[in-house]
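Engineer: what follows is a protein structure lacking sequence information:
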């Protein structure tokens, strides 16, 4: 099994899965909403990484969307390589900002505060997790990151593409209780992530009994095998979809693990 990480794949995960959780953070975290509340005009930040399609996020007083909205002030962050971009996410590097003073002020102010808050939710301390509401939001954000990362690994990682090649067309639901329904859609061995769920019946399911179980399994604090045995985690449906989704999640762990 491959254990090394491709910097370009990690950059895609960071760009679309980790930063892709920002809209969820803005919606669920009171602290995130408070940071955004001070914005007087939408600001669109575009990330330009060599070898990757540019990606934009627009920040408004009401939330964050994963695209550039018309009329928003523009800020571009440029990077010399995927590895350079990854240093931004792990907090050890800085981008090359292309924008006026207002854009720079946003990057060193609200954007930096939101990035720090997201990092705290994705890598919470034991003290953070003692707060039930913080733990709830942390697990939801982790689920979104994991689901979006599966698609990036399936489509761009060498081992991930091997797993995706063995997946027939269909839809995999990642379910938590009765409230959370995230979907992975496979078409022509390409995988896309839909955080909004679907009313359509999936071809396969990974169903967690509740957020506590999901959080435990995703962070490695609970055994998936034990949860399968006691019924708090169910895997059902078309076996090639279930089996290869699990393989992809394992590969995601290689990229997102410490």
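Structural biologist: Everything's here; your move. Predicted, not measured: the structure shown is a model, and the values here were computed from it.

Engineer: let me see the ranges of the strands in this protein.
Structural biologist: All strands of the chain, identified by DSSP state E, fall at 43-48, 55-60, 63-65, 73-78, 96-98, 170-176, 180-187, 190-194, 204-208, 233-237.

Engineer: show me what the second one pairs with in its sheet, parallel or antiparallel.
Structural biologist: So the one you mean is strand 55-60. Counting by DSSP bridges, the strands paired with strand 55-60 are strand 43-48 (antiparallel), strand 63-65 (antiparallel).

Engineer: so where is the chain shaky, pLDDT-wise?
Structural biologist: Judged against pLDDT under 70, the low-scoring parts of the chain cover residues 1-3, 99-103, 220, 258.

Engineer: what about residue 51, how many residues nearby?
Structural biologist: Other residues within reach of residue 51, judged by other C-beta atoms under 10 Å, total 10. For the C-beta atoms, the positions are set from N, CA and C on the backbone; glycine is no exception.

Engineer: ok, it - contacts?
Structural biologist: Residue 51 makes contact with 8, 82 under the criterion C-beta atoms under 8 Å, 6 or more residues apart in numbering.

Engineer: can we see that at 10 Å?
Structural biologist: Contacts for residue 51 (C-beta atoms under 10 Å, 6 or more residues apart in numbering) come out as 7, 8, 11, 12, 81, 82.

Engineer: which members of these occur in helices, if any?
Structural biologist: 7, 8, 11, 12, 82 (DSSP state H).

Engineer: what two of those residues have the greatest distance between them?
Structural biologist: Pairwise distances across the ones in helices among the contacts of residue 51 (C-beta to C-beta) peak at 9.9 Å, for the pair 7 and 12.

Engineer: shared neighbours, those two?
Structural biologist: What both residue 7 and residue 12 touch, as defined by C-beta under 10 Å, 6+ apart, is the set 51, 82, 85.

Engineer: which one of those residues is nearest residue 42?
Structural biologist: For the shared contacts of residue 7 and residue 12, the nearest to residue 42 is residue 85 (23.4 Å; C-beta to C-beta).

Engineer: noted, bye for now.
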